[in-house]
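Asks: next input, structure requested:
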Amino acid sequence: MDVPPIEVTYDAAGVCLPRLGLWLDPHRRQAGAERVFVSHAHADHTGRHREVILTDPTARFMRVRLGGQRVEHRLPFGQPRRFTNGGAEFTITLLPAGHILGSAMAFIENAGATLLYTGDFKLQPSLAAEPCDFALARGCDTLIMETTFGRPQFCFPPAATVRAEIITFCREALAAGVTPLLLAYSLGKSQEVLAGLAGAGLPIMLHYDARKLTRIYERLGWQFPAYEPFAAAAARGKVHVGPPSLARSPLLARLAPTRSAMITGWAVDPRCRFRYGVDAAFPLSDHADFPDLVDFVKQVAPKKVFTLHGSTVEFARTLRELGYDAQALGADEQLDLVLNRNAEARMTDDERNPKPE
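Replies: Sure thing, here's the model as predicted:
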C-alpha cells in the first residue's frame, strides 16, 4: 500500500509541514507552538523564532548576528532526533549542505514517508564549509530544493581557477600602488575568500563583521591565513576583505586609490560588475550551479520535487522535461507560460534582489 507523502504548504510566511508543526526557514517570525528548522545563519533564513532546530555553528552565528533567546535543539550531523506534534511523530536528521559552516539539509521521516529539504546547498567542495552529504536521503518521497542558479547559463568555472584569478587581481593592484578590495558577504563568503588567499603571501585586512564571524570559525577548529583588523590609516599596501556595501561607502575616499572586486556566483553574467559598481567580478559561489542542481536531483531520485528560491519556474520545467514530477512553490507556472518572458528579462528580475551569495 502506498504511503501518503508528508503534507507541504507554502504561503507568504514560507514552507510549512502542518501535520508535523514544523516550519522550514520561514520568512516570518514564528512565536507559536510550531518548531522551526533553520538551515543556516544567513539573514534571509533566520528569525526571532520561539523554538528552533539547527546545528551548533548556526546557533553560534545566530547569537552573534541576531541575539535574543529561544529554545534551541542543536543537532549534530547524521544523528536522528525524534519529535512529536500532537498525535504526529517525526524524526529529523540534519545532513551537511556544503553552503557555509553549519549549513544543513533536513531529512524528515513520518509514518513511512520521507522528505528532504535542502536549504541553500553546494555540491562542490568548499574551503569554509563541511562537504555536502545527502546519501541518507536518496530515493526520498519528496524533495524541496533551492534553485538560485537554476538556469543553464549559470555554470561556474573551477573554484581553484577563480581563486588564482583573485590572487592575481590583488597582486596586480598592490604592484600598481592601489588598495585591492575584495567584496564578499561577511558570513561564509568572506571566510571562503580568506581561505583561498592562503599561501599567496598577501597582507590581509578583514572588515569588522567578517572578523567577528571568522573568530567563531576559528573557535570551531578552522584555520585561515594571518590577517589583521581593518584600520583605514594602515590599509595601504594590503588586501581588504569587506562586505559589498563597502563599494558605496564614504570610507573608500580614505583608501583611495582602490580597485574593487565583487565575489559572487552572479559574476558569470558579464554585466555583474556594472550592476555592483566594481572594477571586477569573480564567479566564486557557495551555491550549486545549474549542472550540479540537475545532478543533485538525479542522485537523490525523489518521487516529487518542489523548487524554491531563484529560478523556480524555469528549473521545475527543466526537471519535467527530464521526466520528474516537479512543481515550483509559490509561483504561477501557467502565468509564466502565457507571458513567455524571455530569459534575459527573467535574469534581471532574479538579480534585482540576489540572495546572500
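Asks: before we move on, what SS does the residue lying closest to Glu146 once chain neighbours are set aside have?
Replies: Counting by Cβ to Cβ, 6 or more residues apart in numbering, Glu146 lies nearest to His309, which is 4.6 Å off, once chain neighbours are set aside. Every residue, glycine included, has its C-beta placed from N, CA and C. Taking DSSP: H, G, I helix; E, B strand; the rest coil as the rule, one finds His309 in the strand state.
Asks: His309: neighbour count?
Replies: Here the number of neighbours of His309 (other Cβ atoms under 10 Å) works out to 21.
Asks: next one: Glu89
Replies: Neighbour number of Glu89 under other Cβ under 10 Å is 13.
Asks: and what of Asp325?
Replies: Using other Cβ under 10 Å, Asp325 has 13 neighbouring residues.
Asks: do the one 4 residues further on as well
Replies: For Leu329, the count of nearby residues is 19 (other Cβ under 10 Å).
Asks: just the pLDDT for it.
Replies: If you check Leu329, the pLDDT there is 94.
Asks: quick one on the thing from earlier: quick check: the residue nearest to Glu146 vs Trp23, distance?
Replies: The gap separating His309 from Trp23 is 15 Å, by Cβ to Cβ, to the nearest Å.
Asks: repeat that for Met105.
Replies: Met105 is 15 Å from Trp23, by Cβ to Cβ.
Asks: quick one, what contacts Ala280?
Replies: Neighbour list for Ala280: 169, 259-262, 273 [criterion: Cβ atoms under 8 Å, 6 or more residues apart in numbering].
Asks: Val52 is in what secondary structure piece?
Replies: Taking DSSP states H and E as the definition, one finds Val52 inside strand 51-54.
Asks: send me that strand as CSV with only the CA atoms.
Replies: The C-alpha trace of strand 51-54 is given here as CSV (Å, rounded to 0.1, in the frame of the first residue of the first chain):
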residue,chain,number,x,y,z
GLU,A,51,11.8,27.2,19.1
VAL,A,52,14.4,26.1,16.6
ILE,A,53,16.1,23.0,15.3
LEU,A,54,19.6,23.8,13.9
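Asks: convert the C-alpha atoms of the lengthiest strand in the chain to PDB, please.
Replies: The residue-count maximum for a strand in the chain (DSSP state E) belongs to strand 88-96. Provided in PDB are the C-alpha atoms of strand 88-96 (Å, rounded to 0.1, in the frame of the first residue of the first chain):
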ATOM      1  CA  ALA A  88       2.100  13.100  15.000                       C
ATOM      2  CA  GLU A  89       5.600  11.800  15.500                       C
ATOM      3  CA  PHE A  90       8.500  12.500  13.200                       C
ATOM      4  CA  THR A  91      12.300  12.000  13.000                       C
ATOM      5  CA  ILE A  92      14.600  14.700  11.700                       C
ATOM      6  CA  THR A  93      18.300  14.100  10.700                       C
ATOM      7  CA  LEU A  94      20.500  17.000   9.700                       C
ATOM      8  CA  LEU A  95      22.800  16.500   6.800                       C
ATOM      9  CA  PRO A  96      25.700  18.800   5.800                       C
END
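Asks: mind giving me the packing neighbours of the lengthiest helix in the chain?
Replies: Across the chain, the longest stretch assigned as helix under DSSP state H is helix 159-175. Helix 159-175 is packed against strand 179-183, helix 189-196, strand 258-263, strand 280-282, with contacts defined by 3 or more Cβ pairs under 8 Å, 6 or more residues apart in numbering; DSSP states H and E.
Asks: quick one: distance of whatever helix or strand comes next after the shortest one to the chain centre.
Replies: Looking back up the chat, that one is strand 280-282. Per DSSP H and E, the first helix or strand lying C-terminal to strand 280-282 is helix 290-300. The chain centre lies 16 Å from the centre of helix 290-300; the measure is Cα atoms, centre = their mean, to the nearest Å.
Asks: what sits up against helix 290-300?
Replies: With Cβ under 8 Å, 6+ apart, helix 290-300 has contacts from 116, 121-124, 134, 137-140, 143, 145, 147, 149-155, 288, 305, 315, 318-319, 322, 324.
Asks: give the buried residues for it.
Replies: Residues 290, 292-294, 296-297, 300 are the ones in helix 290-300 that count as buried (16 or more other Cβ atoms under 10 Å).
Asks: for stretch 75-85, same thing?
Replies: 75, 77, 83, 85.
Asks: pLDDT wise, what is the residue nearest the centre of the chain at?
Replies: Centroid-nearest residue in the chain: Asp120, 4.3 Å away (criterion: Cα atoms, centre = their mean). pLDDT, Asp120: 98.
Asks: pLDDT weak spots in the stretch 51-200 of the chain?
Replies: Filtered on pLDDT under 70, the stretch 51-200 of the chain yields no residues whatsoever.
Asks: residues in contact with Asp289?
Replies: Applying Cβ under 8 Å, 6+ apart to Asp289 gives the contacts 149, 154-156, 265.
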